[in-house]
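> next input, structure requested:
(one chain, ligands or ions: 2)
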Amino acid sequence: MVYQILVSDPLSEDGIQPLRKADGVEITIQTALTPEQLAEKIHEYDALLVRSQTQVTRDLISKATNLKVIGRAGVGVDNIDLEAATEFGVLVVNAPDGNTNSAAEHTMAMIMSLARNIPQAFHALKHNKWDRKSYVGVELKNKTLGVVGLGRIGAEVAFRAKGQRMNVKAYDPFLTEEKAKKMGIGYGTLEEVLQSADFITVHTPLLKETKHLINQKAFEQMKDGVQIVNCARGGIIDEEALYQAIVTKKVAGAALDVFEEEPITDHKLLELPEVIATPHLGASTKEAQENVAIDVSKDVVTFLTGGLARNPVNLPSVPKEVMNKIEPYFHLSEKLGIFLTNLTQEAMEEVNIYYAGDLTDVEVSPLTRNTVKGLLKRHLGDHVNDVNATYLAEKKGITINEHKTSSSKGFTNLLTVEVRTNLGTRSVAGTLLNGLGARLVKVDDYSVDVIPEGHMVFVRHKDQPGAIGRVGTLLAKELVNIATMQVGRSNVGGDAIMILTVDKHLEKEGLEQLKQLSDIYGVTAIDL
Ligand SMILES: NC(=O)c1ccc[n+]([C@@H]2O[C@H](COP(=O)([O-])OP(=O)(O)OC[C@H]3O[C@@H](n4cnc5c(N)ncnc54)[C@H](O)[C@@H]3O)[C@@H](O)[C@H]2O)c1
Ligand SMILES: O=C(O)CC[C@@H](O)C(=O)O
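Ligands and ions are numbered 1, 2, ... in the order given. The predicted structure follows:
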């Protein structure tokens, strides 16, 4: 059998050597196909290799009847419809490490260019203007760099900025004060980082949670004259809000490598003299392109020839016999993870997963990975899967413990997930009721009975007459229909919780208003 591999974006020739050398594969390189041409011939291929240009849509995947694996030579997989790939049984692999260094170096180049107006001054000189007055810059030394997202690239940028004698202050949902101390950097909430920084650089993935993370409200929190850098993904910064912040002189300059829509040449931000930009060049070095192409080529060949991929993005790899026994619990375990991560605002330090009842007789490690996936997805996005979840958690310094226990509290099976942070422990428990499906049966010390599904609102409140009514009235005003409601309390007049399932997602404004009601201690919207 000869596997057919299509390379549809420009990849480093040295990098694709593992493909050229492999037995039983044939490569076609066609980097100028229109989407229509690609859709027409995709059924001929077993593997597709892309960078960020090719849009691997649901429509394309549905036509790819022979496709087994998609290789993304780079980190971000936002040009690939992961859900469709999973649905059609196509493995997606990426190369998460190969371009970290280049992206960090590009970010530093952007910060320095911004500080010293290098692109603007060069442009003037090219147009025969010897202008020294207009391009007085600022030093980086002793300035504060705010790093939003301290993953692979953010951490490398922080390290380099320290070399420039900058003070670095970072925010990342997985960053603890202890870890920041070890790295020799400051630690703060997003608001604290935004308030204290002279330069702000974002390094998060683009997720539902990070879309427009830097918006008008965020700009208002920043120092006057702040400078902004985005070498991560367009859309993390709200471009319209950035434009207004520059025009009103709140922001003194911005360096952008990425845009909400790409490719783009005609953009009002590009007309502002305070904005410098590059056309998504963060990973465009000889070294990075070679690294990512090698990594992804090796993974594609390994997978096509029956091996296990090193960097799978979407598919679980669980032996069939094990899968048959535990499959019914998969839905429950991931939902418990998602529910709990929404209750946990601080960095997780330890996760304990307790299996009781029938669950003590089965191999539960796939369920542990699936629960951890639920816990991490909110902040790490769709590249967390059942294969890499525990590995990613460990890399974030989170200890995962799996326990089998005899204490099933009267249920035939019970799965309890407990997260420890520096503020204490939060936990949820769920069970699979025979014939009735999954149930959430405990949140912290409160017993409940809720189907873990759909949109929810979790409220912590004081057990007082009227508290429930006020919540109901406000949701009605927001046109959010309540489907079910569960109340739990510690003692009469003491602390209590409400779990409401609602017909649509509760938007930020509604959430804020709920928080203002009397006797309400906290409100979280959870989408399962
Ligand atoms: N410009 C380029 O060419 C280029 C090259 C490589 C990577 N990238 C992009 O850079 C970004 C970072 O890549 P990476 O390899 O460092 O990823 P990573 O997964 O290692 O790090 C991302 C970090 O963001 C954090 N995060 C998630 N939500 C957050 C939030 N709301 N606030 C603060 N932090 C949050 C995560 O906890 C994680 O630590 C990605 O968007 C990637 O696609 C761009
Ligand atoms: O392919 C590229 O050059 C962009 C890659 C980069 O954005 C990534 O997410 O890895």
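> CA atoms for contacts and neighbours, from now on please.
OK.
> after the host helix or strand of Gly253 comes which helix or strand?
For Gly253, the host element (DSSP states H and E) is strand 251-256. Scanning forward in sequence from strand 251-256 by DSSP H and E, the next helix or strand is strand 275-277.
> can you list contacts of that next one?
114, 119-120, 253-257, 269-270 (Cα atoms under 8 Å, 6 or more residues apart in numbering).
> just the pLDDT for Val318.
Per-residue confidence (pLDDT) for Val318: 53.
> please apply the same query to Val384.
81.
> ok, it touching Leu375?
No. In this structure Val384 lies outside contact range of Leu375 using Cα atoms under 8 Å: 9.9 Å.
> right, and Ser167 touches Met183 too?
Slight slip there: residue 167 is Asn, not Ser. No. Counting by Cα under 8 Å, Asn167 stays clear of Met183, with 12.0 Å between them.
> quick one, phi psi at the closest residue to Ala22 other than its chain neighbours?
Among residues not flanking Ala22 along the chain, Val301 sits closest, at 7.2 Å (Cα to Cα, 6 or more residues apart in numbering). Val301 adopts backbone torsions of phi -60, psi -40, taken as degrees, to the nearest 10.
> again with Gly337
Per degrees, to the nearest 10, the backbone of Gly337 is at phi -60, psi -50.
> could you give the number of residues near it?
28 (other Cα atoms under 10 Å).
> Lys223 too?
When neighbours are counted by other Cα under 10 Å, Lys223 comes out with 16.
> can you give me the pLDDT of it?
98.
> cool, Val387 as well?
pLDDT at Val387 comes out at 65.
> does any part of stretch 175-182 sit near ligand 1?
No. Stretch 175-182 does not reach ligand 1 (Cα under 6 Å from any ligand atom); its nearest approach is 7.8 Å.
> just give me the neighbour total for Asn401.
Count around Asn401 with other Cα under 10 Å applied: 12.
> try the one 3 residues further on
Other residues within reach of Lys404 by the criterion other Cα under 10 Å amount to 16.
> contact partners for it?
Contacts of Lys404 (Cα under 8 Å, 6+ apart): 354-356, 359-360.
> tell me the most packed of these, by neighbour count.
Tyr355 leads these on contacts (other Cα under 10 Å) with 26 neighbours.
> list the contacts of the residue nearest to Ala22.
18-19, 22, 25.
> output the lowest mean pLDDT helix or strand found in the chain.
helix 82-87 (a mean of 83; mean pLDDT, DSSP states H and E).
> wait, does the next helix or strand after it contact ligand 2?
Under the assignment DSSP H and E, the closest C-terminal helix or strand after helix 82-87 is strand 91-94. No. Strand 91-94 is not in contact with ligand 2 by Cα under 6 Å from any ligand atom; minimum separation 8.6 Å.
> ok, now stretch 243-257?
No. Remark: stretch 243-257 sits outside contact range of ligand 2, by Cα under 6 Å from any ligand atom, the gap being at least 9.3 Å.
> and that stretch, which residues are buried?
243, 245-246, 250-257 (16 or more other Cα atoms under 10 Å).
> most widely separated two among those?
Lys250 and Asp257 (20.8 Å; Cα to Cα).
> returning to that earlier point: just the contacts of Val301 that are near ligand 2?
Within these, nothing lies near ligand 2 by Cα under 6 Å from any ligand atom.
> ranking those residues by neighbours, who comes first?
Leu19 (21 neighbours).
> export only the CA atoms of the least confident helix or strand of the chain, formatted as CSV.
Provided in CSV are the C-alpha atoms of helix 82-87 (Å, rounded to 0.1, in the frame of the first residue of the first chain):
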residue,chain,number,x,y,z
LEU,A,82,-11.3,19.7,14.9
GLU,A,83,-14.8,18.7,15.6
ALA,A,84,-15.4,17.7,12.0
ALA,A,85,-12.0,15.9,11.9
THR,A,86,-12.9,13.9,15.0
GLU,A,87,-16.4,13.2,13.7
